[in-house]
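Student: Prediction below, plus the sequence it came from.
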2 protein chains.
Amino acid sequence: MGQRLAKALANSTVGFTELVLVDINQPTNPTEDSRVRCIQKDLFGPGEPESLISANTKLIFHLAAIVSSHAESDFELGYQINLDVTRRLLEACRSSSSSIRFIFSSSLAVYGGALPEVVDDTSVITPQSSYGTQKAMGELLVNDYSRKGYVDGLVLRLPTICVRPGKPNKAASSFVSSIIREPLQGDEAICPVPASLPLWLASPDTIIENLLHAAIFDISNLGNWRTLNLPGIGVTIQDMLDALLRHSDEQTLAKVRFEPNEAISRIVSSWPGKIDNSRTLDAGFNVDLNFDYFIEQFITNDLRKSV
Amino acid sequence: MGQRLAKALANSTVGFTELVLVDINQPTNPTEDSRVRCIQKDLFGPGEPESLISANTKLIFHLAAIVSSHAESDFELGYQINLDVTRRLLEACRSSSSSIRFIFSSSLAVYGGALPEVVDDTSVITPQSSYGTQKAMGELLVNDYSRKGYVDGLVLRLPTICVRPGKPNKAASSFVSSIIREPLQGDEAICPVPASLPLWLASPDTIIENLLHAAIFDISNLGNWRTLNLPGIGVTIQDMLDALLRHSDEQTLAKVRFEPNEAISRIVSSWPGKIDNSRTLDAGFNVDLNFDYFIEQFITNDLRKSV
């Protein structure tokens, strides 16, 4: 997603003289744009977050994270990257003479426990994972640093992204993309949750469009709380598989095998299946039309390139 | 309050071989009990929180904090004590071979912004101060460490305590006790908020009783979220002054002078004026009867001693 965002930024009206991509694995420049610089860095290293921020820094997308199942299995690493690095980046912004828009990607994983049927901005945050806890703590930090005027912060809780291109990762939600991506690529995929499970999704194109909007929109209308649930659509696993069949055939659908996984089910089913989009739509963010569009987007943008 | 709690613990049925009181100012033993040990310590110092916890540690009351107005004026110190020390204590518990009940005192300051008329466990946490932010982050940590089984944690959000004995402190709520305590002691007091402001209060005796209950009650009934709003009563400043007059005279009442303070009003009026007590009362915690009892308690326990 970072690569896609960089490409979108380079082609957008957002003006900049330099765009730095930072990742623990050496990033590549997804554009021909010479303003893009790629840096390999472990952000937890001494002085590393601080070294990235100067008096010329105007905009930060902080997307780096240890994802949900990984943070659950490596307790210390999750707190180091998801909490400590976020805090150190905010501290570096506080020390900078520049006014910096700091966009922090958060997650549905901040929710958990008994939730109302439709979650909204007044719903309580009771995360049932260390990842959700760390993201919820980061949200509080971004709001406090913004309230004090140390950054111009914005927290975006991303819906589960589908279809994510590439390989499965250690996110508990990794299967959400796998059950569409793998069959369309001719591979098998395992679905660890029941077909009836509701999910809250957004497509990569819509997420990128909304991240760009976050860079330029007028935050002052948000009042005193800068955490937003980015718009999504609610579908069940069954809805997703029905759409997959509409865009493929029985043989492709049969590549999805249900194999219940208690640990993944517990995490994913603690997330909300429906969220009130009205506040973010009013603020000019976009939403996907239906799940068929997710599959068409993957076929157009990713599948045709890879085959 | 730590001194009162130590006295109550020594006189209670809670069994222990040693009770250690730790404070940045040298604490004194409020009992004749030789099991009580007093230690002066800056908990932010290297190795300090860790040095307090051994394989014999069974129960921790973590009451230490940089209070609200202080954390607002000293941003770094607030995060160091309210967040970092809490996290280091939890980490030390995680490293210990002992199963430790960890009772963390939190605050109404975690609330803020647009609140429902009656706040309950489903109400969103949007703190409007650094102190509230730091306490909300501590709450999340205690819940995550408990979920993972690293501590047997419990978060108690204390109502504003009134009448707090002693001197005014740097809490934004310090005036809540001052406007009763100072006049009864013959001194002037300043009320920085309007008479109509609703407050959510508990008396020192009730707080201590509830802290003791927290040490022994069966947390397993709480389900998957260990944060409780300790019971309180809702009164306005006017209700408090009416009660003061009933227990004194016009001359005493006249010692309270209204002098609006924007910064204090902003913080205190962001806290809830009414909270649903039902879950905590069901769990065996206690609540005060009415505000007259707060004044009687202060006259009996504190005023008669000091004059």
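Tutor: Thanks, I have the structure now.

Student: Only C-alpha atoms from now on, for both contacts and neighbour counts.
Tutor: Noted.

Student: Surely A:Phe61 is within a strand?
Tutor: Yes. According to DSSP: H, G, I helix; E, B strand; the rest coil, the state of A:Phe61 is that of a strand.

Student: Any idea what it is bridged to?
Tutor: A:Ile103 (DSSP bridges).

Student: tally of neighbours for it?
Tutor: For A:Phe61, the neighbour count with other C-alpha atoms under 10 Å in any protein chain shown is 18.

Student: That one and A:Leu90: what is the separation?
Tutor: According to C-alpha to C-alpha, to the nearest Å, A:Phe61 and A:Leu90 sit 12 Å apart.

Student: now A:Val256
Tutor: Going from A:Val256 to A:Leu90 by C-alpha to C-alpha gives 42 Å.

Student: the more surrounded of the two?
Tutor: A:Leu90 (25 against 19).

Student: Kindly report the residues of the stretch 51-200 of chain A close to chain B.
Tutor: A:113, A:121-126, A:128-130, A:133, A:136-137, A:140-141, A:144, A:147 (C-alpha under 8 Å from any C-alpha of the partner chain).

Student: of those, buried ones?
Tutor: For these, a burial check counting by 16 or more other C-alpha atoms under 10 Å in any protein chain shown picks out A:113, A:121, A:123-126, A:128-130, A:133, A:136-137, A:140-141, A:144, A:147.

Student: Please identify which residue in the stretch 1-150 of chain A comes closest to chain B.
Tutor: A:Val124 (4.3 Å; C-alpha to the nearest C-alpha).

Student: How about the contacts made by that residue?
Tutor: A:Val124 makes contact with A:111, B:121-125 under the criterion C-alpha atoms under 8 Å, 6 or more residues apart in numbering or on different chains.

Student: Which parts of the stretch 151-300 of chain A are helices?
Tutor: In the stretch 151-300 of chain A, the segments counted as helices under DSSP state H, counting those that start in this stretch are A:174-184, A:204-216, A:237-246, A:250-253, A:262-268, A:278-282, A:291-298.

Student: In terms of mean pLDDT, which of those ranks lowest?
Tutor: When these are ranked by mean pLDDT, helix A:262-268 comes last with a mean of 91.

Student: Now do the longest helix along chain A: which elements does it pack against?
Tutor: Identified as the longest helix of chain A according to DSSP state H is helix A:130-147. The contact analysis (3 or more C-alpha pairs under 8 Å, 6 or more residues apart in numbering or on different chains; DSSP states H and E) places helix A:130-147 against helix A:68-73, helix A:75-78, helix A:86-95, strand A:101-107, strand A:152-158, helix B:130-147.

Student: winner for burial among these?
Tutor: helix B:130-147 (a mean of 25; mean count of other C-alpha atoms under 10 Å in any protein chain shown).

Student: How far away from the center of its chain is it?
Tutor: Computed by C-alpha atoms, centre = their mean, to the nearest Å, the chain-centroid distance of helix B:130-147 equals 15 Å.

Student: Next, the angle from it to strand B:101-107.
Tutor: Inter-element angle recorded for helix B:130-147 and strand B:101-107: 160 degrees (by axes from the mean of the first three to the mean of the last three C-alpha atoms, to 10 degrees).

Student: Give the rounded mean pLDDT of helix B:130-147.
Tutor: For helix B:130-147, mean pLDDT rounds to 98.

Student: What ranges in chain A fall below the confidence cut-off?
Tutor: Applying pLDDT under 70 to chain A flags residues A:305-307.

Student: Quick check: the gap between the residue of the stretch 1-150 of chain A closest to chain B and A:Ile233.
Tutor: Between A:Val124 and A:Ile233 the computed distance is 21 Å (C-alpha to C-alpha).

Student: again with A:Gln297
Tutor: A:Gln297 is 15 Å from A:Ile233, by C-alpha to C-alpha.

Student: Equivalent analysis for A:Thr227, please.
Tutor: 19 Å.

Student: swap in A:Asp33?
Tutor: From A:Asp33 across to A:Ile233, the span is 34 Å (C-alpha to C-alpha).

Student: if you count what's nearby, which of those two comes out ahead?
Tutor: A:Ile233 (21 against 14).

Student: bridging residues for the more buried one?
Tutor: A:Leu201.

Student: Pretty sure A:Leu281 sits against A:Pro231.
Tutor: Yes. Assessed by C-alpha atoms under 8 Å, A:Leu281 is found in contact with A:Pro231 at 7.1 Å.

Student: Brilliant, that's me finished.
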